[in-house]
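# sharing a sequence plus its predicted fold:
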Amino acid sequence: MASNLRLPVGSVFEHGGVRIAFVEEIDGFVLRFLVEGSDEEFHVVLANGVRVRPTVQWVLVESLAGRLVDCATGQETISEWAGRFLGLDKAACLARQPMSVLKYDIALRALIEGMPRNADRLRDFASKLVPDDVGAPSGRSVIRWMNNLELNDGRIGAMCNRSGRPKGWSPLAPVADRLVQQGMALFYADTSLKKMGTVGLVVAAWTDLKERGVRGLGEAPPSKTTIVNRINANENLATTTSKFGRHDAKRTFVASGETITVSRPFEMVFLDGTEFEQVVHYSSDVRIPSAKLKAVGLIDGCSLYAFPNSPFAGPYRAEMSMNALMGALLPPTLDEATLAENPELVLNFGRIGVLKGDNDKALLPPSALGNLANVMRRVELARKFSPNDKSPVEGFWKWMKGQFDNEPGTVLSPRSRKRSIRRDPLAEASMTRASFARKYEQRRLLWNDTAHGALGDRTPNQIMAEFIDAEYVRRMRRADVQRQLARTVDGHLTTDGVTYDNVRYRWNRAGITKLLSENLASQAFASRLQGTAKIAVSLRVYDWNLDFIEVFDQANNAFVTLWSDDPEYTEFLTRYEHKFHQSCRVSGETGAQTAEERALRRGRSLQKEWENLHNRSYGVAKRAAAVLAAVETRTGSIRTDDPDLTDFEALLGYSEPAGHDRLDVPRGPSQRRTPADVDDAGDAASAPASDGFGPVADLGPDPRTRLDELIADQADDPDDGIDWDEDAPSEGDGR
Amino acid sequence: MTYDKDYGTSCSYLTKARRVQFFEGPNEPAFAEFMEMSTRCVAILFQPLEMVFKRKDGLIVRKYPDVAVELWNHAVRFGEIKSNQAWFDAPGVRRPLDRMDLALAAAGLEPLMRISGEPFRTEPVLEAQAEAMEARFIPFDLEADVQAVTDVVTATGGCARYGAVLAALGGRRARARDKLYAMLVRRIVGFDLSKRPTADTPVTLPRPVVPYALREVLGRFSGRKP
């Protein structure tokens, strides 16, 4: 029958100058104490000289009177700390504290050789035994080590540093510790209590108890840091569940996702973008720090092969992701030196299985998804808050950024230790965009040629080569692939062609005539014009080359190419540059009337940017550099046809993109959060387009019902008078 | 399919839907791929139907059955996909599904299929489907290759060994295997894809079926005001 005193075994008290340690409760009332450091039992001497064992009442009375004092640090407890280490062997001590092994060696040598306990002699002795990079210990330290070693029977654990309190021991006074613990428990029990609120509660309770004269509270109330540390130390799944609920706790702690094993190259490919920390110059002639480059990369999950792509300046845009995808779907363009060494590298491309992309609409816009699904098995978007889903590509970026780490012009983060106020990365920048791109490509080739532990010490090139030897390369035609990487937009075709994004496309007169004549019949009368044909068409626009677009001919199930009527302006122009030039047109000025004027204005705006580049601040120069860099990229590397693959004909096999007999227009998912409400007037123009397969079922996930969307639909009863809830109670009844 | 979800969303082109279909979570694409490569299914669509209910307190509730499948015998079944059967007895799921069954019965359709996604996500199934789905679009000769395969299968009485069919197709082994998957997705041949096919997997010739029933069923409800 235990008493309510609940003294922990081994608690040390001091009574009348004698230190006593609690051993056990004999029954519910009588306690057994031993004098510390001996086996002698402690007895209380009563008034008449009788010696009796202490009791619970005695302990309480003496404590209140102040004659029995609690000593947290008794000799036994100190020796208990040493006991943690004395049992360790040399290897364990080396793992914990390498210095302890050194101390042991020195002290043991000194003892064996019988050195006198003389500080100077021992210092010289020790300095011979110590390795060069460690300073020689002082003689007094060596004396202390020798004494300690002798005291503890020569065990190496005695050399371990015992300082610091063991885990779970609080240096606070016991009642104060209990208050802090209860404050922490209250914090995690109550949803709305904040850490500062907890601090206030604990301090108030401490002050209250102090005023009442409770002992064991210590001198000062527990500090804010103590309480916050106690709260933070107890953050785990259980406490987070009790404070924030199961859902949030699971999101924080439960391991993410399911591991999917990939067994073949191309089965799962990861797409991600990153920004490098190096500032680059615009060009070797114009040494102005003007941009930080970004890259969008594609990594194969099974072989960790990095497909070709190039770093670019300016914001993330879809055409860069398409660039990266084309690097995987189309044969890579390699320079002659690489091709001469490893001709089989040209075969590392093919049809992708699952593409796992980021949640970023700038990388994979919704309008691109409908077409991307044709050249892949599946396009997946990562969940939010789960960067682990793309760990291979994050690993690649970490390696790549590490390779660029010490280049001049690296902008360090504010918390980096290497950052110094004397170093200005903008002044130190020395790479140009072209040289950065060259280095990036070399390092990408290096990554592909480096053995990785995760691959069983094989290189990605080897794994791809083995796969291609065993199977074959699933190749698609260049035009097919590029069409599937275009975006689908809606437009109107008239006899004047199509206008999209302020560029008019009309050169393919025979094609337009045929399109109009064969598709006019399917056009609704309300949207027709008088005397001239106009049809609503679905377009495929190419963001990397505004020179042409493709119009889908529904009647013949084919695509018709239209070229722009301003070829000097749009030749290989990218959409980003086009936007830039549009924004340069001053609003008050008369717009360019002819093609020549447009080209002239394009040249003028570029020249203006060029001249002022050195005057502008870095933030403005960034934008200019992005556009100017696009010009440079374009002139340097245009891939219009495939490299020579005749040597490898046996390993190639044609595959086709899907969708040749599709019924829908390949759009992206609807981004609406609520279902489309067909209004009562029900006119065709306002009803969203369905492809004849049912009502406007929103292809998004099930929307939440909203109480404020109560539709008074008394007249039209969709249930034909049946009340589904007639004999059933509402949904939430106990189950 | 949105960009802001607690579980991953994905999309893929299904030849049996003739559209891009959007999925949520890992169960729906696993089921979709199995149906795409299965000869028992001739048409499949995800969330094509919107069912509107009015509760007793006047609240309008919209439900979207996860999938609509047309089977080889032109039977049209709607289904809900969850990860395992236990979910279908969970509170907040069982009663609404029962109500949807009632609504379907009132429209003359069969009750919802309760599809659990876990059997479709086992390692052998995923492995087999991955290989097949990547090879679906390999072109094959509609006369020569199909004739060769039909000859082999009919010569052995309607059911041939997979190894024999591959040999009959000729050419590079990997290419022949991919051509057979392309034929499987077009229901020219049929074999079991619940694990990777071995040389002894039986290959049959399923009866050609032109899908019309799903279109008809959904056409009954198109244009109706909710």
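Received the coordinates, thanks.
# domain assignment for chain A?
A:12-72, A:78-159, A:174-253, A:491-636 (automatic domain parsing).
# what about the strands in chain B?
Ranges of strands within chain B are B:9-14, B:19-24, B:41-46, B:51-54, B:60-63, B:67-71, B:76-82, B:113-116, B:159-161, B:202-204, based on DSSP state E.
# can you tell me the centre-most residue of chain B?
Among the residues of chain B, B:Met35 comes closest to the average C-alpha position under C-alpha atoms, centre = their mean, at 2.1 Å.
# could I get the average pLDDT for stretch A:357-369?
Averaging pLDDT along stretch A:357-369 yields 79.
# A:Val498 is in contact with A:Val537, isn't it?
Yes: counting by C-beta atoms under 8 Å, a contact exists between A:Val498 and A:Val537, whose distance comes to 7.3 Å. The C-beta positions use only the backbone N, C-alpha and C, and glycine is treated the same way.
# intersection of neighbour lists for the two?
A:491-492, A:551 (C-beta atoms under 8 Å, 6 or more residues apart in numbering or on different chains).
# may I have the residues that are in contact with the residue nearest to A:Arg662 when sequence neighbours are not counted?
Nearest residue to A:Arg662, sequence neighbours excluded (C-beta to C-beta, 6 or more residues apart in numbering or on different chains): B:Arg18, at 5.2 Å. Taking C-beta under 8 Å, 6+ apart, we find B:Arg18 in contact with A:661-664.
# report how many residues lie close to the nearest residue to A:Arg575 once chain neighbours are set aside.
Nearest residue to A:Arg575 in three dimensions, chain neighbours excluded: A:Asp543, at 4.3 Å (C-beta to C-beta, 6+ apart). By other C-beta atoms under 10 Å in any protein chain shown, the residues close to A:Asp543 number 22.
# now the residue located most distally from the centre of chain B: phi and psi?
Distance from the centre of chain B peaks at B:Asp57, with 38.1 Å (C-alpha atoms, centre = their mean). Backbone geometry at B:Asp57, expressed as degrees, to the nearest 10, gives phi -90, psi 10.
# look up how far chain A lies from it.
8 Å (C-beta to the nearest C-beta, to the nearest Å).
# and the pLDDT for the closest residue to A:Pro425 other than its chain neighbours?
Of all residues not flanking A:Pro425 in the chain, A:Val411 sits nearest, at 4.6 Å (C-beta to C-beta, 6+ apart). Residue-level confidence at A:Val411 comes out at 79, pLDDT.
# what's the answer for B:Glu28, then?
Reported pLDDT for B:Glu28: 94.
# now the helices for chain B?
B:27-36, B:94-106, B:123-135, B:144-155, B:162-169, B:173-185, B:213-221 (DSSP state H).
# ok, and the most crowded of the contacts of B:Arg18?
Most surrounded of the contacts of B:Arg18: other C-beta under 10 Å gives A:Arg662, at 18 neighbours.
# need phi/psi at A:Thr561.
Per-residue torsions, A:Thr561: phi -90, psi 130 (degrees, to the nearest 10).
# that one reaches A:Glu550, doesn't it?
Yes: in terms of C-beta under 8 Å, A:Thr561 counts as a neighbour of A:Glu550; the distance is 5.4 Å.
# where does the prediction get shaky in the stretch 251-400 of chain A?
Along the stretch 251-400 of chain A, the parts satisfying pLDDT under 70 run over A:255-260, A:359, A:382-389.
# ranges for the helices of it?
A:318-329, A:336-341, A:366-372, A:391-403 (DSSP state H, counting those that start in this stretch).
# residues touching whichever residue of the stretch 151-300 of chain A sits closest to chain B, list them.
Using C-beta to the nearest C-beta, the single residue of the stretch 151-300 of chain A nearest to chain B is A:Glu267, 5.7 Å away. By C-beta under 8 Å, 6+ apart, the residues touching A:Glu267 are A:301-302, A:353-354, B:130, B:134.
# domains of chain B?
Taken from automatic domain parsing, chain B resolves into B:9-121+B:211-221, B:136-204.
# just to revisit the earlier point, ok, the residue nearest to A:Pro425 touching A:Val279?
Yes: at 6.1 Å, A:Val411 counts as touching A:Val279 under the criterion of C-beta under 8 Å.
# and those two? which has more neighbours close in?
Ranked by neighbour count (other C-beta under 10 Å), A:Val411 and A:Val279 place A:Val279 first, with 24 against 17.
# quick check: beta-bridge partners of the more buried one?
Beta bridges link A:Val279 to A:Lys292 when assigned by DSSP bridges.
# repeat that for B:Ala160.
Beta-bridge partners, per DSSP bridges, of B:Ala160: B:Val203.
# what about it, how many neighbours?
23.
# that'll do, ta.
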